[in-house]
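**Q** build me a structure from this.
(one chain, ligands or ions: 1)
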Amino acid sequence: MWLNGLCCGGLCGVGEVLKGGQQHPFDDRQDQEELNPCSDCGTHGTRATPKARPHVVMGCTPSILSSNNQQQQQQQQHPRKDSSSLYGGNLSNAGSGTLVADNNGASGNKFTNNAALNQAQMLGYGQGGKDVIAAGGGGAGPGEKEYPKKDSIVSISGLGHVSVVSNVLRRPTIGSGTSSSSGRYGHRQSSLALTPEEEPLDSYPRLISDLKFPNLLPPNPPIKILIAFCKNDPVFEALATACHRLNFEPTFVKSAETAIEAFQNVATGGHHIIVVDARYPRIIEADVLGRSIRNSKGSQHTTMVAVVKKNLFEKDDTAVISLLDVGFNRCIIESPHVSICSSELRQIQHSLVRPQNVISTQQALYTALYRSREAVIITDDSLRAQYANRASEKVLNMKLDEIVGRSLNDLVTADISNILSHTTRHKDYEGFISTRRKSQETLHIHVRAVPVSCIGRSPTHLVLILEQTSGTTLSALASDALQALPHGKEVARGSLHSIRRGSFDVRSIASDGLRRTSLAKLSQLPLEAPITKVLSLLAQVQENCSSDEAKLLDRVMEFLKREGLYSPQMKEIRTEDPVATDLIGALLTQGPTNILSSRRSSNDSIIRGGGRPSTGSIVFNKTRESSQLSELLNSALSWDFEIFKLEELTEKRPLVCLGLELFRRFDVYNTFCCDEVTFKLWLIEIEKKYHSDNTYHNSTHAADVMQATACYLQQLSNRETKVMDRMDEATALIAAATHDIDHPGRSSAFLCNSDDRLALLYNDICVLESHHAATTFRLTMADDKINIFKHLDRESYKLARSIIVDMILATEMTRHFEHLAKFVSVFGTDVDSKETTHDNDDNQILIRRMLIKCADVSNPTRSLKFCVEWARRIAEEYFTQTDEEKHRNLPIVMPMFDRTTCSISKSQIGFIEYIIHDMMDAWNSFIEMPEIVRYMEHNYSKWKLFEEQGINTLSDIKRKQLTLNSEATGSSSIEEL
Ligand SMILES: Nc1ncnc2c1ncn2[C@@H]1O[C@@H]2COP(=O)(O)O[C@H]2[C@H]1O
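**A** Residues are numbered from 1 along each chain as shown. Below is the predicted model of the structure:
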């Protein structure tokens, strides 16, 4: 039976009891705002009906239920003196009634805070309410009615009401000491119970201190053990028999993939122990499996054991250490003896599994804290915030990652020595302080500071409970609202004022005709855009100025009325060189026509043969094991990363290798709560979708863009003020990896001209980029095995999706100048970009778009040998397109890109001059990576030189590359340029 199974917390007494295990308590949609009248009695407000939230502490099944009741405003606050543990310090002292029950709905000796105790006490339930609240077990069956009895589990409403949820059959005797053999925790009959032979839960007598600061009891199922062994040898047999003897529930699997699947299985997974055979790394890669399990949701309290060969211990401990580093808790030596295996497992159960199970219950307490309406911040002994709940984000108007890690001195403006003078003497402090909200506005707020000693006797942590009194709340809200209001006469259309002002006169409508009526209505509608306001202000200025000024203003207004304020006027970009004109025109033009190119021709036909070579599966293990590869991946965040060497080592499949390395470095597995195996399978599928026969738009380009993205992210993460959070980093890497997926090696204009199905599907608009974004999600969501988003909650998924889609679409070049202009207008090259706020959704979008754009066309900013190779590859792809256009008699998008006549050097000069130079200048001022500008300038001068030397065609470039490569065998780092 669920604790919160009653309609209004049982006030009406006719509430229907939900059947245990029903969907209701698990359903997030139940988390609605309170104050609904009870549907059964129709009278009692359910304001304080506790919200029941499921908590997964091990595996995937919720096992603990927490509820949090907002205490009645007027109710007297009792001084709270108890504080001796981290839990006790915060939850005990929180003013809201917080009650945590197990998944049988019994609070038992789970957690009850002081506010809940006080509420119960006021209603006369037991001495101090403690016996009542702590009692557990028993209870009515589904549908039975309940009447308050003294010895009952209570549900406490914010209105101060207590309702009965279940009866207590045996009343515990508080303070009567512990039972002879139980000790503190000896009361559960379970393989997980701390002393399994003891009495049932509800008859265990508890100490008062246990009630105030208890360890929540862990969930109570038998021990589930997952055994991943590739063969049934004697070691396996001994282990299996030992499990049987210990009454463990084993699952046997033979590979890493099936192990992950078994562990993640919602119904049967979530094992307490996983034993992995680490003796045969070629069959089961224990380290990869270990990392994947650790990155799986609900694995943080699973004990992982590796079985290793005896000689592993005899040699040196590096192999053992590396297993421990990836998340194994223990390495045991292989043994074919059942008694040895039994004893090992027994010891693991006692020394690792039990403490883990107790610790796992913290999750419920953290959830209670997170849901609390009081702001709770916990600092360490040097007063740095270590924990902050959701309410504190609101109070301080800061994001969690801005609070955590910050010194208390930065969070409050008051002198905190007063607080410390109390807390260092183990005394609570109560009073008012001023908090420093991010908007620099201060907020006076009531604070209770409670010192907590986690180790030893002196305080190791400080718990701060910030309570907004109604006055402070209102003033903060009022000032927030005032700030949001438009000032002076500029009351926005759509605001209350404007709507009233715009309400139309019924009589005038009646006298005018229907058409005029609707026009009148239209003009009154709140449709005014900011630009309309600017225009009307300029029109006002025009009335009082000289005729010359008025003419000038006319021109200004003319420009402002054009669509696409940030789009460059293509016709105005006139390059002197026809090659550059062709290229820039093609890049900036949406749809089938190259707006800059005047030549249209179609003549020689060159047949482009061959389909896509088979993608095959990658031989990942082999390449991973190669020391060359791991050495190469060590430099994964260097701007001089050897991308073409990676392409060679991975047999043209560099994305999986580099992707896994970068995801690991940026902790993407944790951010997405998703294991490495899923990411690996995902990367394999994504890479397969890149066309390896494209010379440029293949998976090496994707890997290169991902690598540039990672370098930029790395650079941004070194900043004092955080620009990107973990989700931003993870999504940026994913967008980079997928941004050109399934690229056909032809431009969007080509697809439009050839009536390709993609052009028809996307109406000639953003054809390729729309296809890349759509393919990414279609592919990922189609198969759970590769669905890297599967563990994100709906909100996080929506956020991740919107960022990824937006970033992929930003790589579309027709909006290049628009993105650049917007970025420069906010983070302009002259102003110190560090001073510009990044913490603004619009600015964040600008940064993300610029980041992926600069990564996408970073090739001219890499060292010369890479820059030349990329230029060769893109030229080859352009030439192939021209070949096909000629062959199929299609309009030629870039007529100058003919393989027999085109100057590649000239195309690069134009590309750098018109597209790359300003963008990289702006990006460098923001990100501070001078090497990109130095490389770009060096490459530019080299292309000029090549051009003078007549190095133009593909074969010229190939010859030049040979000399460059032999020159570069020394080093080509930026320092030597
Ligand atoms: N070195 C280069 N020279 C000419 N065009 C380039 C070069 N690098 C990238 N591009 C173009 O810039 C475009 C950016 O978006 P895409 O990757 O879709 O396609 C790219 C190429 O068409």
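
**Q** for the ligand, what are the nearby residues on the stretch 501-650 of the chain?
**A** Residues of the stretch 501-650 of the chain lying near the ligand by Cβ under 6 Å from any ligand atom: 583, 587. All C-beta atoms are positioned from the backbone trio N, CA, C, and that covers glycine.

**Q** 8 Å instead?
**A** Within the stretch 501-650 of the chain, the positions adjacent to the ligand are 583, 586-587 by Cβ under 8 Å from any ligand atom.

**Q** low-scoring stretches of this protein, by residue?
**A** The model of the chain has pLDDT under 70 over residues 1-220, 413-415, 436-443, 468-529, 562-576, 590-626, 829-839, 968-977.

**Q** what does it have sitting close to the ligand?
**A** So far as Cβ under 8 Å from any ligand atom goes, the chain lies against the ligand at 583, 586-587, 696-697, 701, 739-740, 743, 747, 768-769, 811-813, 856-857, 859-860, 867, 870-871, 874-875, 878, 907-908, 911, 915.

**Q** related to what we said a few turns ago, among the residues of the stretch 501-650 of the chain next to the ligand, which one has the most neighbours?
**A** With neighbours defined as other Cβ atoms under 10 Å, the most crowded of these is Leu583; it has 29 neighbours.

**Q** distance of that one relative to Leu768?
**A** Remark: distance between Leu583 and Leu768 (Cβ to Cβ, to the nearest Å) = 17 Å.

**Q** and what of Leu239?
**A** Distance from Leu239 to Leu768, by Cβ to Cβ: 54 Å.

**Q** more neighbours, the two?
**A** Neighbour tally, Leu239 and Leu768, criterion other Cβ under 10 Å: the higher count belongs to Leu239, 29 against 25.

**Q** surely that one meets Ile225?
**A** No - if you go by Cβ atoms under 8 Å, Leu239 and Ile225 don't touch, sitting 9.0 Å apart.

**Q** and Thr963, how far is that from the ligand?
**A** Separation of Thr963 from the ligand (Cβ to the nearest ligand atom, to the nearest Å): 20 Å.

**Q** wait, a helix at that residue?
**A** Yes - the assignment for Thr963 by DSSP: H, G, I helix; E, B strand; the rest coil puts it in a helix.

**Q** tell me who's in contact with it.
**A** Residues near Thr963 by Cβ atoms under 8 Å, 6 or more residues apart in numbering: none.

**Q** just the element for Lys533, please.
**A** Element membership of Lys533, judged by DSSP states H and E, is helix 530-543.

**Q** just the CA atoms of that helix, as CSV, please.
**A** In CSV, the C-alpha atoms belonging to helix 530-543 read as follows (Å, rounded to 0.1, in the frame of the first residue of the first chain):
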residue,chain,number,x,y,z
PRO,A,530,10.4,45.8,-32.4
ILE,A,531,11.4,46.8,-35.9
THR,A,532,8.0,48.5,-36.4
LYS,A,533,8.6,50.5,-33.3
VAL,A,534,12.0,51.6,-34.6
LEU,A,535,10.4,52.6,-37.9
SER,A,536,7.8,54.7,-36.2
LEU,A,537,10.3,56.4,-33.9
LEU,A,538,12.4,57.2,-37.0
ALA,A,539,9.3,58.6,-38.7
GLN,A,540,8.8,60.9,-35.7
VAL,A,541,12.4,62.1,-35.9
GLN,A,542,12.0,62.7,-39.6
GLU,A,543,9.2,65.2,-38.9
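
**Q** contacts for that helix?
**A** Outside helix 530-543, the residues touching it (Cβ under 8 Å, 6+ apart) are 490, 549-550, 553-554, 556-557, 560-561, 565.

**Q** what is the top strand by length along the chain packed up against?
**A** The residue-count maximum for a strand in the chain (DSSP state E) belongs to strand 442-452. Where contact means 3 or more Cβ pairs under 8 Å, 6 or more residues apart in numbering; DSSP states H and E, strand 442-452 is packed against helix 417-423, strand 429-436, strand 461-467, helix 470-484.

**Q** part of a strand, is Glu913?
**A** No - according to three-state DSSP, Glu913 belongs to no strand; its state is helix.

**Q** mind telling me which residue of the stretch 251-400 of the chain is nearest the ligand?
**A** Using Cβ to the nearest ligand atom, the closest approach of the stretch 251-400 of the chain to the ligand is made by Asn295 at 31.1 Å.

**Q** and that residue, what does it touch?
**A** Per Cβ under 8 Å, 6+ apart, neighbours of Asn295: 669-670, 673-676.

**Q** what's the answer for Thr251, then?
**A** Applying Cβ under 8 Å, 6+ apart, we find Thr251 in contact with 224-227, 262, 268, 271.

**Q** check Ala730 too.
**A** So Ala730 contacts 663, 666-668, 671-672, 800 (Cβ under 8 Å, 6+ apart).

**Q** now do 7 Å
**A** By Cβ atoms under 7 Å, 6 or more residues apart in numbering, Ala730 lies in contact with 666, 668, 671-672.

**Q** buried set for the longest strand of the chain?
**A** Judged by neighbour count using 16 or more other Cβ atoms under 10 Å, the buried positions of strand 442-452 are 443-452.

**Q** any idea how far Glu631 is from whichever residue of the stretch 651-800 of the chain sits closest to the ligand?
**A** Residue nearest to the ligand within the stretch 651-800 of the chain: Asp740 (5.6 Å; Cβ to the nearest ligand atom). Distance from Asp740 to Glu631, counting by Cβ to Cβ: 28 Å.
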